[in-house]
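Chemist: Give me coordinates for this.
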Amino acid sequence: MSERCTNPAPGSCSERGKSLLALTLVPGLGPVRIARLIESLGSVDAVLGASVSRIARVPGIGDKTATSIARNLHRSIEGVDRELERIAACGAYVVALGDPHYPAMLASVPAAPPVLTVRGRLDPEQDHKYTCAMVGSRNCSIYGVEQAGRFAGALGSAGVCVVSGGARGIDTAAHRGALNAGGSTIVVLGCGIAHDYPPENGTLFNETIERGGAVISELPTDTKPDAKNFPARNRIISGLSLGVLVIEAGARSGALITARHAVDDHGREVMALPGRVDSPSSAGSLELLRHGAHLVVEPGDVLSILRQDARHLFEGTHAARTGDPAREPTKAVLPEPDGMPGEILRALDQPRTGDELAEQLGVDPGSLRSELTMLEIQGLVRREGSHFIRVR
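Modeler: Here you go, the predicted structure:
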């Protein structure tokens with residue numbers, strides 16, 4: 001992993017970011033319309049200086065909307081400095097679409113947020129990490145909480161950055177599982193950065209930042225939590241991630257919105273855990289599986305799917321998006337692990353069952369299973385039936 005870089009100063013924002021921020025402060029002007037205006041007029045600054053009649057000629061805008069935009073635009077431009085002061089007071093900064101540190105994967109999706117307000121470090125690609133969204137219902141079962149913690153912990157230990165929405169239930173369990181395992185996580189809020197929502201997760205959000213992760217929002221700083229904001233937030237969760245793992249979701253869970261963004265808009269992989277067929281809390285997950293989502297039962301399944309989706313296995317998501325498609329992937333030469341993982345790999349000079357390994361190494365089968373799972377996640381071991389095989 002690379003050395004931790006210094007976060008931008010609180011309240012910092014590029015000049016382009018200030019112009020985009022002004023547009024986002026205009027009531028009713030969302031990412032789709034902003035993108036349409038910039039594409040039609042040629043630049044952000046051209047939008048800021050455009051007349052009502054010119055704005056009205058942009059496809060999908062019209063006279064009424066153009067008049068509203070022009071009326072509010074001057075006020076929004078004047079409000080940028082005040083908004084940056086509020087952002088600084090939260091210990092946050094702005095990353096704008098087109099800035100070097102804007103996540104490349106998110107930049108590629110339709111309706112990418114023009115600006116993100118960030119507390120912490122939003123640069124998972126600098127550490128060459130995979131990113132995986134983990135989502136599910138707020139009103140979840142004990143099983144759902146346990147599985148969210150198990151999967152997030154195992155993936156976090158393997159260097160996967162876990163992305164979720166900071167909500168009660170599965171989201172919280174996923175963030176906590178990653179942090180408890182020493183991993184990193186990104187919280188995508190459905191409110192302004194000035195609000196910890198839900199309030200009881202303030203400590204979790206602070207810990208996320210302290211551990212090198214981030215809490216982010218596309219909304220103006222003081223935007224309160226509102227149900228209408230959360231569906232749009234879900235597209236960011238999907239856009240930041242190589243794949244979306246649905247831990248447990250009912251038939252009307254917002255997690256299904258994230259899954260739909262992943263498949264329909266972003267071309268991401270969708271995975272789901274099986275649940276009880278007679279449990280309402282699993283109805284949405286089972287529906288996803290019925291329609292082709294990957295069924296996963298172990299953390300190793302998830303990483304295998306993420307690897308298939310990332311073209312250059314050891315070069316991180318940025319290289320996977322921007323590298324030369326004709327170039328052969330660069331394979332990293334990794335040192336053999338120390339301790340028990342190294343002993344397991346040396347014992348796998350031929351395919352062996354878990355019981356055979358435990359007997360040969362003289363270890364408890366339960367602890368051995370945990371070590372084997374981590375080696376699977378790291379791509380050093382694969383399972384074929386009841387046997388384990390060393391990959392390299």
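Chemist: how about the strands in the stretch 1-150 of the chain?
Modeler: 93-96, 115-120, 131-136 (DSSP state E, counting those that start in this stretch).
Chemist: Identify whichever of these lies nearest to Ile237.
Modeler: strand 131-136 (4.8 Å; Cβ to Cβ). Just so you know, the C-beta spots here come from the backbone N, C-alpha and C atoms, and that holds for glycine as well.
Chemist: So which of the strands of the stretch 1-150 of the chain is nearest Gly275?
Modeler: strand 131-136 (10.1 Å).
Chemist: before we move on, the earlier item: would a markdown table of the strands of the stretch 1-150 of the chain with mean pLDDT, distance to Ser386 and mean neighbour count be doable?
Modeler: Output for the strands of the stretch 1-150 of the chain, formatted as a markdown table (pLDDT from 0 to 100; distance: least, Cβ to Cβ, whole Å; neighbours: other Cβ atoms under 10 Å):
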| stretch | mean pLDDT | distance to Ser386 | mean neighbour count |
| --- | --- | --- | --- |
| strand 93-96 | 97 | 48 | 24 |
| strand 115-120 | 98 | 43 | 26 |
| strand 131-136 | 94 | 28 | 31 |
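Chemist: what ranges of the protein fall below the confidence cut-off?
Modeler: 1-5, 124-129, 309-338, 366-367, 370, 373-374, 376-379, 385, 392 (pLDDT under 70).
Chemist: Output the strands of the stretch 1-150 of the chain in CSV, with distance to Arg36 appended to each entry.
Modeler: Formatted as CSV, the strands of the stretch 1-150 of the chain follow (distance: least, Cβ to Cβ, whole Å):
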stretch, distance to Arg36
strand 93-96, 18
strand 115-120, 17
strand 131-136, 27
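Chemist: Out of those strands, which gets nearest to Pro198?
Modeler: Closest among the strands of the stretch 1-150 of the chain, once you apply Cβ to Cβ, is strand 131-136, at 15.3 Å.
Chemist: For that closest one, which strands pair with it and how are they oriented?
Modeler: Sheet pairing here is set by DSSP bridges, and for strand 131-136 it gives strand 161-164 (parallel), strand 243-248 (parallel).
Chemist: Contacts only, for the closest residue to Arg235 other than its chain neighbours.
Modeler: Excluding the flanking residues, the one nearest Arg235 by Cβ to Cβ, 6 or more residues apart in numbering is His261, at 4.5 Å. Taking Cβ atoms under 8 Å, 6 or more residues apart in numbering, we find His261 in contact with Asn234, Arg235, Ser238, Gly239.
Chemist: Would you reformat those as JSON lines and include neighbour count and secondary structure?
Modeler: Shown next, in JSON lines, are the contacts of His261 (neighbours: other Cβ atoms under 10 Å; DSSP: H, G, I helix; E, B strand; the rest coil):
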{"residue": "Asn234", "neighbour count": "24", "secondary structure": "helix"}
{"residue": "Arg235", "neighbour count": "25", "secondary structure": "helix"}
{"residue": "Ser238", "neighbour count": "28", "secondary structure": "helix"}
{"residue": "Gly239", "neighbour count": "27", "secondary structure": "helix"}
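Chemist: Which pair in those residues has the greatest spatial separation?
Modeler: Checking those with Cβ to Cβ, the most distant pair is Asn234 and Gly239, at 9.5 Å.
Chemist: mind giving me the domain ranges of the protein?
Modeler: The chain breaks down into these domains under automatic domain parsing: 15-90, 118-309, 339-390.
Chemist: need the next SSE after the host helix or strand of Ala259, C-terminal direction.
Modeler: When elements are assigned from DSSP states H and E, Ala259 belongs to helix 255-260. For helix 255-260, the following helix or strand on the C-terminal side (DSSP H and E) is strand 269-272.
Chemist: Quick one: distance of that following strand to the chain centre.
Modeler: Offset of strand 269-272 from its chain centre (Cα atoms, centre = their mean, to the nearest Å): 14 Å.
Chemist: by how many degrees do the following helix or strand past that strand and strand 131-136 diverge?
Modeler: Next helix or strand after strand 269-272 toward the C-terminus (DSSP H and E): helix 283-290. Here helix 283-290 runs at an angle of 130 degrees relative to strand 131-136 (axes from the mean of the first three to the mean of the last three Cα atoms, to 10 degrees).
Chemist: which other residues reach the helix or strand following helix 283-290?
Modeler: Sequence order places strand 294-295 as the next helix or strand after helix 283-290, per DSSP H and E. With Cβ under 8 Å, 6+ apart as the test, strand 294-295 has contacts from Glu269, Val270, Met271, Ala272, Leu273, Pro274, Leu289, Asp301, Ile305.
Chemist: which parts of stretch 218-237 are buried?
Modeler: Buried positions in stretch 218-237, judged by neighbour count with 16 or more other Cβ atoms under 10 Å: 218-221, 223, 225, 229-230, 232-237.
Chemist: Compare the strands of the stretch 1-150 of the chain and report which one is nearest to His387.
Modeler: Using Cβ to Cβ, the strands of the stretch 1-150 of the chain put strand 131-136 closest to His387, at 27.3 Å.
Chemist: for that closest one, the distance to its chain's centre please.
Modeler: Relative to its parent chain, strand 131-136 has a centroid offset of 6 Å by Cα atoms, centre = their mean.
Chemist: can you list contacts of it?
Modeler: 105, 124, 144, 148, 151-152, 155, 160-165, 169-171, 174, 186, 234, 237-238, 240-249, 253-255, 258-259, 262, 302, 306, 317.
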